[in-house]
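Enquirer: My questions concern the predicted model and sequence given below.
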Amino acid sequence: MVNHLYYGDNLPVLRESIADASVDLIYLDPPFNSNASYNVLFKGPGGTDSPAQIEAFDDTWHWTDAAEATYGEVLQSGNRDAAELLRAMRVFLGENDMMAYLAMMAIRLLELRRVLKDTGSLYLHCDDTASHYLKLLMDSIFGPVAYRNEVIWKRTSNHNDAGRFGRVADRLLFYGAGINRDAVRVPLDPDYVRQFYRYDDDDGRGPYQRGDMANPSRIWPGGVYEWKGYPPPPKGWRYKQAHMAELDEQGRIHYPTKADGTPDYSKRPRLKRYLDANPGQVPLDVWTDIKPIGAHAAERLGYPTQKPVALLERIIRASSNEGDLVLDPFCGCGTTVHAAEKLGRKWCGIDITHLAIGLIEKRLRDAFPRVAFTTHGVPRDIAGARDLARRGRREGRHYFEFEKWALSLINAQPGTLSRRGADKGRGADKGIDGTIYFDRTRRALVSVKSGENVSVAMIRDLRGVIEREGAEIGIFLTLTSPTKPMTAEAAAAGQFRMEGFDSAVPRIQIVTIEDALALRDRAVRLPLRRGDTFKRATREHDKTAQNKMDL
């Protein structure tokens, strides 16, 4: 079973790499700038958002030439309902951020409809900022008859919003096939149990409720008989005599009696329905039992809007079977693909940021040591890394792509945040390419070099930057192997030692891209596990490996 992880804009990836009617379940949590932080992959210790990530969605949030072109594509898509709806929305909204977002979503939803099987399902995760507009878009593309539910998920317990009621819930717009009711059950509400399971014979079998044994429809010959002196109901019993005898032998019939303990033939026997035989109820359309990820939760990776695996497990269990294909076109930190792998589904994930792809790769390998997947759109070896660097220099655009990819290898955050929280300008004398936070507030500053000519002056520059910025460690991440003078200059910077730790680490560390490809974040030596960058995912039971062993 081969799974796929794609780096890039999901629109061309969907068009070029995902076949028609090939996907069983789609979950998407698209970004929207409702508070300039929705779906932000990471923050600095001071809570500031990363400009490097926000710029990836800049066209999504503003009406630009790109938004105009996307709008035109929808009008020419051949889906008249979607085209007319989007045209009406533009008349109403004008050319603003919301309209740009809806145009971006419309063209992608058209592609998602193409790749979804007729028997498949789609869950769109959103907040109340755009859910009403998105539902209209979904109706125009998937058809109103495909609508199943608007599920409300209570994502937090408390939220103080000035001038309005606190917003504590997200929406899940569910379209497509119905759910597998047997696959998703939740415990009965305690109040319901107390009200309806109020009988207990103290026989060790626990509480039960009494059910009607009368036939609910028309009279049928097999149900008209007297049972142990009790006359049949007007339309007969629900069960044949043989079945009735089995229930009696199992002690599952309650016989009404008078105060003196003799049978009361004026009343009817009742069926005992035991609580321990109840599989639970199918979830309702308000989910309050799946808690958000707490600050100290084991699955927390450092992603502010990370969704709990339990949320995706419920969706995947309800709307897919083992071996089905699950697609998430806005992967984020990879919760969907994590849950899909855990439950034995095939999966496909897409994200537009290198940091997300690197995080997902690490998360999957930590949680599932034997996981098998192919990553597309990023270098897989040193030759691919050199090719990415050459293309960046030759094309003169997206020249930060190599930097972003290289930083993702060692789990560093793109961009530079000074201790005062201000963004630093780029340039040989001021800029730094990335940051690794450890021990909560301590920093390792990263300088990425993709050129073929590296020199000892670059090590001196990095040493000067970390001293000026008050950082603890400097990482020189280089595509080209360092010279001996560079290695000597790095060693001369000395060691960094933290109180309470016996071992010290080099203050200036030279890490080659080749080492980073092989070792990932282990190529960087830090005295503590990282506090504010991403943590190691908890290892999961390897279902795929177990299935292989069982063969």
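Expert: The structure has been received and is ready for your questions.
Enquirer: Let me know the average pLDDT across stretch 494-509.
Expert: Rounded to a whole number, the mean pLDDT of stretch 494-509 is 86.
Enquirer: residues near the closest residue in space to residue 95 that isn't next to it in sequence, how many?
Expert: Excluding the flanking residues, the one nearest residue 95 by CB to CB, 6 or more residues apart in numbering is residue 63, at 4.1 Å. Where C-beta positions appear, they are placed from N, C-alpha and C, glycine not excepted. Residue 63 has 20 neighbours, counted by other CB atoms under 10 Å.
Enquirer: Contacts only, for residue 63.
Expert: Applying CB atoms under 8 Å, 6 or more residues apart in numbering, we find residue 63 in contact with 95-97, 99-100.
Enquirer: Taking these, please make a PyMOL selection of just the buried ones.
Expert: The buried residues among the contacts of residue 63 can be selected in PyMOL (16 or more other CB atoms under 10 Å) with this line:
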select buried, resi 97+99+100
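Enquirer: Residue 376 against residue 2, yeah?
Expert: No - using CB atoms under 8 Å as the test, residue 376 is too far from residue 2 to be in contact (11.5 Å).
Enquirer: And those two? Which one has more around it.
Expert: Comparing residue 376 with residue 2 by other CB under 10 Å, the one with more neighbours is residue 376, at 14 against 8.
Enquirer: quick one: residue 4 and residue 155, what's the gap?
Expert: Distance of residue 4 to residue 155, given as CB to CB, to the nearest Å: 29 Å.
Enquirer: ranges for the helices of the stretch 101-250 of the chain?
Expert: Ranges of helices in the stretch 101-250 of the chain, per DSSP state H, counting those that start in this stretch, are 131-142, 190-196, 241-249.
Enquirer: Quick one: closest of these to residue 209.
Expert: Of all these, it is helix 190-196 that lies closest to residue 209, at 4.8 Å by CB to CB.
Enquirer: Give me the mean pLDDT for the closest one.
Expert: 92.
Enquirer: Check what pLDDT residue 203 gets.
Expert: pLDDT at residue 203 comes out at 90.
Enquirer: which residues touch it?
Expert: residue 251.
Enquirer: What separation is there between residue 453 and residue 225?
Expert: 98 Å.
Enquirer: who's more crowded, the two?
Expert: It is residue 225, of residue 453 and residue 225, that has more neighbours when counted by other CB under 10 Å, with 13 against 7.
Enquirer: Let me see the contact set for that one.
Expert: So residue 225 contacts 232, 236-237, 241 (CB under 8 Å, 6+ apart).
Enquirer: On the strand side of things, show who the nearest residue to residue 124 once chain neighbours are set aside bridges to.
Expert: Leaving aside its sequence neighbours, residue 124 sits nearest to residue 173 (CB to CB, 6+ apart; 4.4 Å). In this entry, residue 173 is beta-bridged to residue 124, residue 150, by DSSP bridges.
Enquirer: tally of neighbours for residue 173?
Expert: For residue 173, using other CB under 10 Å, the count is 22.
Enquirer: Going by neighbour count, list what's buried in stretch 188-200.
Expert: residue 197.
Enquirer: what's the residue closest to the geometric middle of this protein?
Expert: Compute the mean C-alpha point of the chain, and by CA atoms, centre = their mean the closest residue is residue 335, 3.2 Å away.
Enquirer: Touching, it and residue 312? I think so.
Expert: Yes - counting by CB under 8 Å, residue 312 is a contact partner of residue 335 at 5.3 Å.
Enquirer: how's this structure carved up into domains?
Expert: 3-50+106-185+282-376, 190-277, 382-523 (automatic domain parsing).
Enquirer: okay, these in a markdown table with distance to residue 67 next?
Expert: Converted to a markdown table, the domains of the chain look like this (distance: least, CB to CB, whole Å):
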| stretch | distance to residue 67 |
| --- | --- |
| domain 3-50+106-185+282-376 | 10 |
| domain 190-277 | 49 |
| domain 382-523 | 20 |
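Enquirer: Could you look up the SS state of residue 326?
Expert: Assigned with DSSP: H, G, I helix; E, B strand; the rest coil, residue 326 falls in the strand class.
Enquirer: quick one: contacts for it?
Expert: Contacts of residue 326 (CB under 8 Å, 6+ apart): 23-27, 316, 320, 336-337, 340, 345-348.
Enquirer: Quick check: of the residues you listed, which has the highest neighbour count?
Expert: Top of these by neighbour count (other CB under 10 Å): residue 336, with 33 neighbours.
Enquirer: closest one to residue 271 among the helices of the stretch 101-250 of the chain?
Expert: helix 241-249 (7.0 Å).
Enquirer: Only the buried residues of the closest one, if you could.
Expert: residue 244.
Enquirer: Stretch 223-238 too?
Expert: 223, 227, 230, 232-233, 236-238.
Enquirer: ok, these vs residue 183, which is closest?
Expert: Nearest member of the buried residues of stretch 223-238 to residue 183, counting by CB to CB, is residue 238, at 28.1 Å.
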